[in-house]
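Peer 1: here is my input; please provide its structure:
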Amino acid sequence: MSGTSVHSSRWTWQGRRGFLWLLLLLTVAVGIAYSLRLAGHLRFADEKEYYGLAVNLARIRQYSLYGEEPSVFRPPGYPLLLSVFTFLRAGVVHLRILNFLLLAGCIYAVYRIIELQLSYRAARIGALLVLCYPVLFYTAGSLYPTTLASLLFLLAIRLLAGPDRRLRECVLLGILFGLLILTVPMFAFTLLTVALWMLFTKWAGGAKGVVVTVVTAILICSVWSARNLVVFHSFAPVSANSGLNLLLGNSERTSPDAGFNVDISRYTRNTQAMDDVQRDAYYRSKAWEFIVKHKGRTLRLYALKVLHYFSCYDDTRTPAVPRWPTHAAMLATYGPLLLLFIARIALHRRFLFTQFEILLALLYFSNAFYTAIFFTRIRFRLPFDFVLIIVGAMFVDALIRWRRKSTLRGKA
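Peer 2: So this is what the prediction gives:
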């Protein structure tokens, strides 16, 4: 290769990476400004609980909501991360900035996934689509585990998108899913979806790769499960809130879009003397009682919750979220991503699906059917909306290439 060619190649590579680094720096800079504007105010109850768990871990070395009794209600992944920085005297503003660094990591992961699968042009489209989806930015400004889960999920997808399919990648994949499950337990179902895809596509040897991945994930989670067994003398694999979520989604006064806004006071008043594990078991038993007694209503409710998974808004009923501007922004940003996804599926004969795209479609749709067992909510869906962005960017690039080929044929 001549010196001129080497120089040209280096310039092209630097230009591609320069665009990406500009987006990352922009994300972090705006994130810092937004974090400073929000200051130390925690707007949501969930934020206060995650922050409280982190503070108690850092100060009294106890996983406890209020510093008195041990807790297992919330999964430990995100509070453990926050506790490291809280131990180093980080405040709420610093923790918000940490979230924006994680969001920048998500943009980088999206770029690399698409670049590996298709081209740098498609990767640039994907990175820009992330910036054009403001709910990701808004969520990063709150102390929620969503952004951390998104990054871990994207790193797992990055492994599945890459050319290396050795057992080493399976171990790394298992570690990532173990950390994911400790952060957001619903990713245990996602691991099952990935395992089935690995089996049918013979990724990393099929069955052997699945066993290594799943066993590694279980080993990662087992440390926390052992802690719960010792502390509560009961088996609680990760957290003890699935019973509450099941009851919120399957009880007398629930609706498809209610989310947390369900009156279950007739049940909560009976749990005052219970610990987290006992309370979770009680809520689960009451939810199952409702399901068994109202099978028809439960099935209709389930179908409507699946549809609500693809909704552009939630009934949050909180003054911290302006209602109509939020709904309009979601419709203008999520709507086009969903339409791109639907168009990609509709044109599958012209643009054949790759095995990787099949995996992405399975991940997105299977999560809808799983979360509807409990209840569906935009915040729970956000890590999977990165899948929409990846598919959408690759599809837009495919349309550009198809259009250019058609134009060249016309000129010929």
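
Peer 1: rest of the way, CA atoms for contacts and neighbours
Peer 2: Noted.

Peer 1: quick one, what contacts Cys106?
Peer 2: Applying C-alpha atoms under 8 Å, 6 or more residues apart in numbering to Cys106 gives the contacts Ser150, Leu151, Leu154.

Peer 1: the second one reaches Gly105, doesn't it?
Peer 2: Yes - taking C-alpha atoms under 8 Å as the contact criterion, Leu151 and Gly105 are neighbours in contact, 6.5 Å apart.

Peer 1: neighbour count for these two, which is higher?
Peer 2: The residue with more neighbours, out of Leu151 and Gly105, is Leu151; 24 against 20, by other C-alpha atoms under 10 Å.

Peer 1: which helix or strand contains that one?
Peer 2: Using DSSP states H and E, Leu151 sits in helix 146-161.

Peer 1: ok, then the element right after that helix?
Peer 2: Using DSSP H and E, the helix or strand that follows helix 146-161 in sequence is helix 167-183.

Peer 1: quick one: that next one to chain centroid distance?
Peer 2: Here the centre of mass of C-alpha atoms in helix 167-183, compared against the chain's by C-alpha atoms, centre = their mean, to the nearest Å, lies 15 Å away.

Peer 1: how about that helix: buried residues?
Peer 2: Of the residues in helix 167-183, 167, 169-183 count as buried by neighbour count, 16 or more other C-alpha atoms under 10 Å.

Peer 1: now do that helix: which elements does it pack against?
Peer 2: Under the contact definition 3 or more C-alpha pairs under 8 Å, 6 or more residues apart in numbering; DSSP states H and E, helix 167-183 sits against helix 77-87, helix 146-161, helix 187-201, helix 207-232.

Peer 1: turn those helices into TSV, including distance to Leu388.
Peer 2: Listed next are these as TSV, based on distance: least, C-alpha to C-alpha, whole Å:
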stretch	distance to Leu388
helix 77-87	24
helix 146-161	12
helix 187-201	16
helix 207-232	25
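
Peer 1: tell me which of those sits most buried.
Peer 2: The densest packing among the helices and strands packed on helix 167-183, expressed as mean neighbour count by mean count of other C-alpha atoms under 10 Å, is seen in helix 146-161 with a mean of 23.

Peer 1: residues near the closest residue to Leu247 other than its chain neighbours, how many?
Peer 2: Leaving out its chain neighbours, the residue that sits closest to Leu247 by C-alpha to C-alpha, 6 or more residues apart in numbering is Ala287, at 4.6 Å. Using other C-alpha under 10 Å, Ala287 is surrounded by 22 other residues.

Peer 1: what residues does stretch 239-257 touch?
Peer 2: Around stretch 239-257, the neighbours that count as contacts under C-alpha under 8 Å, 6+ apart are 72-76, 185, 259-260, 262-264, 276-277, 280-287, 290-291, 298, 301-302, 304-305, 308, 314-315, 372-377.

Peer 1: and if you look at stretch 216-228?
Peer 2: Counting by C-alpha under 8 Å, 6+ apart, the neighbours of stretch 216-228 from elsewhere in the structure are 72, 171, 174-179, 181-182, 234-238.

Peer 1: let's go with 10 Å and repeat that
Peer 2: Stretch 216-228 is contacted by residues 70-72, 75-77, 170-182, 188, 191, 210-211, 214-215, 230-240, 277 when judged by C-alpha atoms under 10 Å, 6 or more residues apart in numbering.

Peer 1: now it: average pLDDT?
Peer 2: Per-residue confidence for stretch 216-228 averages out to 97 on the pLDDT scale.

Peer 1: could you do stretch 311-320 as well?
Peer 2: When pLDDT is averaged over stretch 311-320, the result is 71.

Peer 1: can you read off the backbone torsions of Ser251?
Peer 2: As for Ser251, its main-chain torsions (degrees, to the nearest 10) stand at phi -150, psi 180.

Peer 1: mind checking how far it is from Val277?
Peer 2: In this structure, Ser251 lies at 20 Å from Val277, with C-alpha to C-alpha, to the nearest Å as the measure.

Peer 1: how far is stretch 283-298 from where the chain is centred?
Peer 2: From the chain centre to the centre of stretch 283-298 is a distance of 28 Å (C-alpha atoms, centre = their mean).

Peer 1: what's that stretch in contact with?
Peer 2: Outside stretch 283-298, the residues within contact range by C-alpha under 10 Å, 6+ apart are 241-252, 264, 267-268, 271, 278-279, 281, 299, 301-304, 373-374.

Peer 1: list the buried residues of that stretch.
Peer 2: Within stretch 283-298, the residues that qualify as buried are Tyr283, Arg284, Lys286, Ala287, Trp288, Phe290, Ile291, Thr298, counting by 16+ other C-alpha under 10 Å.

Peer 1: ok, back up a step: and the contacts of Cys106 as JSON lines, adding pLDDT?
Peer 2: Output for the contacts of Cys106, formatted as JSON lines (pLDDT from 0 to 100):
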{"residue": "Ser150", "pLDDT": "98"}
{"residue": "Leu151", "pLDDT": "98"}
{"residue": "Leu154", "pLDDT": "98"}
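
Peer 1: need these in TSV (columns: distance to Val28).
Peer 2: Putting these into TSV (distance: C-alpha to C-alpha, whole Å) gives the following:
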residue	distance to Val28
Ser150	17
Leu151	15
Leu154	19
